[in-house]
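Engineer: need a 3D model of the sequence below.
(2 chains)
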Amino acid sequence: MEPLPSDFPFLETILVMQKSLFEKVWDAHAVRELANGQTQLLIGTHLIHEVTSPQAFGMLRDLGLKVAYPHRTFATVDHIVPTDQRQEPFADPLADAMIRELRKNCEEFGITFFDLPSGKQGIVHVVGPEQGITQPGTTIACGDSHTSTHGAFGAIAFGIGTTQIRDLLATQTMALAKLKVRRINVNGELRPGVYAKDVILHIIRQLGVKGGTGFAYEYGGDVFDNFSMEERMTVCNMSIEGGARVGYVNPDQKTFEYLKGRPYSPQGGEWDQAVERWKSFASDPDCEYNDVVNIDAADIAPTVTWGINPGQAISVVETIPTVEGSPESERANVAEALEYMKLPAGEPIKGTPVDVCFIGSCTNGRLSDFEEAARYLKGYRVKEGVKAIAVPGSQIVDAICKEKGLDKVFVEAGFEWREAGCSMCLAMNPDKLIGDQLSASSSNRNFKGRQGSPTGRTVLMSPLMVAAAAVTGEISDAREVFGVKEPAAI
Amino acid sequence: MSLEKITKISGRGVCVPGDEIDTDRIIPARFMKCVTFDGLGEYLFYDVRKNEDGSDKQHPLNEERFKGATILFSGVNFGCGSSREHAPQALYRYGFRGIVAQSFAEIFFGNCTTLGIPCFCATKEDIDTIAAAIDENPELEIALDVENERIHFGDQSVTAVVRETARKALVEGRWDPIGDLQEAKEQISEVAAKLPYMAQG
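Structural biologist: Next up is the predicted model:
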């Protein structure tokens, strides 16, 4: 056969493989293949915080190395900061040592630090997008498993360990094996009172906590098209709870609108070029995925966990599973979870008394989370005996909430309005459960002891469901408590 | 930097049974308030090993007969949850040099490999068999053969799997990648130069 002429009109189309965003971003950042078969991947944006980075700087010093691209690493302090009073030194000398260490490291190596006095401090996964550091078509890594959050912008974002932080500081690259890609379509329309949190809890319940091992999750379909950037972040955030190290949504007009004008977004004439470039990273319409899962939005209800991992979830109208009613392979795990949670098997989860209510975290600590809860909370009171705290994800979220008077709505309802940080999601600061208190929490993990007490119990749910639990003092269906009728996405 | 070639781990074993043993269980967050990894071994599995008054709970790691074990056996999705390297660091500093489980969480697996801790995947049946043999004789000598992906215990042996990229890195002494990564300085600059967002702002 004669070779095709080089100006043959379809040649380019024939030769250009249809690729997913994951593959395109991977290819654009691949430096070389390493001897063991892994790829040396350039990570353009490195985010650090006080808990997992100090040892990495220590290793760097031991090896006599410098930070290769200091302008591509950004730091904030989030896990250990107190949310009640910020006077330094902190009452906890260990926490105080950690913030001082981070300050010292950032100063010595020339790294931008969104420190407490900056007015821009917050949870690393809230700060990155807020500052416009998180951008489509980029690679991002942070020593924190919820780094997948940044995938909401069409970035490929990895949670990493401390030795990899060292690798990034020293070389801006790390060794990684390529992931497979699973496309998860959620089509149709969510029912009123059903939120992004319910979508991801439902996905994890369906696919399992280890279902995503070896995969990047690409989320799409009507529901994601309609979602705001903050809702996309909530879903991407919890990808790792389903075993997927990476989760992302293809960038679209909403992504670009969100980023426009932010401090680290491209400015002036560079903006239009950047948008064109970002668009080119979106998955091609006919690209092949390693797996495709389809979920009907109408099947998703307000969802709560009953056990000790995020996959142990049911809709709020279901009953708590029984050991006998569970598949044989799951029975030991169900028994262990029921014993720890002290919940009655076979009974409705609704009506379970709660001691603590927490709205915040990198999953649900953004403006829209507080807006939505405040919209319904107005005129209600937190049930006597329930401790309820609202913790904004960043100082900027805090400032906007205050500007809009949302903090007052929470305080008038009986919530404590706190300063920005990770707070009770993992209780590395003074915000902790006591004894076997049960917490209704908008965070991301319900592991044993996660919220600071070795016997503390966590029930994960959306911010509005936490507000409903705060008002009634028990796990409740927010749709009933607040008469939620209007569509969720407006 | 020349690294030890990790081809075989030998020692005694202990089984910590259970599925989905997460990193908060391996090292509770409150013990991560530190700026070095020193001393983390002491807090390994703290909340499942200790009562709130500091006395011992019933746990395999508290049993005298399993003291000194260097190979850990467990269930499904071991190390799920957080990316904290504090978890494999705590295991290493406690004395573990190899882990066998039905499956591993991704980030944890990578963190272990980078520290030179081989993670073997084996079937539930084989893990149960080895756990029973250890229970019967805690002195039983176990050998994890990384090169040939086999677990030897007493005079028996079973097949187990170490992910190929990790296996190669371990047996070739490339498990800490920093040396390899540093070699490619020029190639890194070339890739960075094509990415507008990498430019100095």
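
Engineer: what mean pLDDT does the longest helix anywhere in chain B have?
Structural biologist: In chain B, taking DSSP state H as the definition, the longest helix is helix B:124-136. The average pLDDT within helix B:124-136 is 98.

Engineer: what is the mean pLDDT for the very next helix or strand once past it?
Structural biologist: Remark: after helix B:124-136, the chain's next helix or strand is strand B:142-145, criterion DSSP states H and E. The average pLDDT within strand B:142-145 is 98.

Engineer: check contacts around B:Glu85.
Structural biologist: Applying CB atoms under 8 Å, 6 or more residues apart in numbering or on different chains to B:Glu85 gives the contacts A:52, A:55, A:143, A:161-163, B:37, B:111, B:115. (Glycine included, C-beta is placed from N, CA and C.)

Engineer: now do the contacts for A:Lys404.
Structural biologist: A:Glu371.

Engineer: roughly how far does it sit from A:Glu371?
Structural biologist: A:Lys404 sits 7 Å away from A:Glu371, taking CB to CB, to the nearest Å as the criterion.

Engineer: ditto for A:Val209
Structural biologist: On the measure of CB to CB, A:Val209 and A:Glu371 end up 30 Å apart.

Engineer: more neighbours, the two?
Structural biologist: Per other CB atoms under 10 Å in any protein chain shown, whichever of A:Val209 and A:Glu371 has more neighbours is A:Val209, with 24 against 16.

Engineer: does that one touch A:Ala313 like I think?
Structural biologist: No. A:Val209 sits out of contact with A:Ala313 when judged by CB atoms under 8 Å, with a separation of 10.1 Å.

Engineer: around chain B, pick out the residues from the stretch 201-350 of chain A.
Structural biologist: Listed as neighbours of chain B in the stretch 201-350 of chain A under the rule CB under 8 Å from any CB of the partner chain: A:209-210, A:213-214, A:240, A:243, A:245, A:264, A:266, A:270, A:273-274, A:277, A:308-309, A:332-333, A:336.

Engineer: now those residues: which count as buried?
Structural biologist: A:209-210, A:213-214, A:240, A:243, A:245, A:264, A:266, A:274, A:277, A:308-309, A:333, A:336 (16 or more other CB atoms under 10 Å in any protein chain shown).

Engineer: among the residues you listed, name the ones in strands.
Structural biologist: With strands defined by DSSP state E, no entry of those lies inside them.

Engineer: just curious, which of those is nearest to B:Glu125?
Structural biologist: A:Asn333 (18.1 Å; CB to CB).

Engineer: residues in contact with that closest one?
Structural biologist: A:307, A:312, B:19-20.

Engineer: ok, now A:Pro321?
Structural biologist: Neighbouring residues of A:Pro321 by CB under 8 Å, 6+ apart: A:306, A:312, A:314, A:334, A:338, A:345-346.

Engineer: for these, give me CSV that also has secondary structure and pLDDT.
Structural biologist: Shown next, in CSV, are those (DSSP: H, G, I helix; E, B strand; the rest coil; pLDDT from 0 to 100):
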residue, secondary structure, pLDDT
A:Trp306, coil, 98
A:Gln312, coil, 98
A:Ile314, strand, 98
A:Val334, helix, 98
A:Leu338, helix, 98
A:Ala345, coil, 98
A:Gly346, coil, 98
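
Engineer: and the two most separated of the residues you listed?
Structural biologist: Greatest spatial distance among the contacts of A:Pro321 (CB to CB): A:Gln312 and A:Gly346, at 15.1 Å.

Engineer: neighbour count: those two, which is higher?
Structural biologist: A:Gln312 (23 against 12).

Engineer: what residues does the more buried one make contact with?
Structural biologist: A:305-306, A:321, A:333-334, A:337, A:446.

Engineer: A:Leu433: helix or strand, and which one exactly?
Structural biologist: Element membership of A:Leu433, judged by DSSP H and E, is empty: it is in no helix or strand.

Engineer: distance check, it against A:Ala390.
Structural biologist: Taking CB to CB, one finds A:Leu433 at 17 Å from A:Ala390.

Engineer: who's more crowded, those two?
Structural biologist: Ranked by neighbour count (other CB under 10 Å), A:Leu433 and A:Ala390 place A:Ala390 first, with 33 against 25.

Engineer: CA atoms only for stretch B:53-60 - export them in CSV, please.
Structural biologist: Provided in CSV are the C-alpha atoms of stretch B:53-60 (Å, rounded to 0.1, in the frame of the first residue of the first chain):
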residue,chain,number,x,y,z
ASP,B,53,-4.3,4.0,82.1
GLY,B,54,-1.3,2.6,80.1
SER,B,55,-1.7,-1.0,81.2
ASP,B,56,-1.6,-3.8,78.5
LYS,B,57,-4.7,-5.0,76.6
GLN,B,58,-4.8,-8.4,75.1
HIS,B,59,-2.9,-8.1,71.8
PRO,B,60,-0.4,-10.3,70.0
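
Engineer: and the helices in the stretch 1-150 of chain A, which stretches?
Structural biologist: Remark: helices assigned in the stretch 1-150 of chain A by DSSP state H, counting those that start in this stretch are A:11-15, A:21-29, A:54-62, A:93-109, A:124-130.

Engineer: so how far is A:Gly122 from the nearest residue to A:Pro263 once chain neighbours are set aside?
Structural biologist: Leaving out its chain neighbours, the residue that sits closest to A:Pro263 by CB to CB, 6 or more residues apart in numbering or on different chains is A:Gln131, at 5.2 Å. Noted for A:Gln131: a distance of 10 Å to A:Gly122, by CB to CB.

Engineer: one more: B:Pro60?
Structural biologist: The spacing between B:Pro60 and A:Gly122, counted by CB to CB, is 41 Å.

Engineer: ok, the contacts of A:Gln312 vs chain B, which is closest?
Structural biologist: A:Asn333 (5.3 Å; CB to the nearest CB).

Engineer: pLDDT at the closest one, what is it?
Structural biologist: Looking at A:Asn333, its pLDDT is 97.

Engineer: same question, the one 3 residues further on
Structural biologist: Reading off the confidence values, A:Glu336 has pLDDT 97.

Engineer: before we move on, back to that, I'd assumed A:Gly261 was in contact with the residue nearest to A:Pro263.
Structural biologist: No. With contacts counted by CB under 8 Å, A:Gln131 stays clear of A:Gly261, the gap being 11.5 Å.

Engineer: between the two, who's got more neighbours?
Structural biologist: Taking other CB under 10 Å, A:Gln131 and A:Gly261 do not tie; A:Gln131 has more neighbours (20 against 10).
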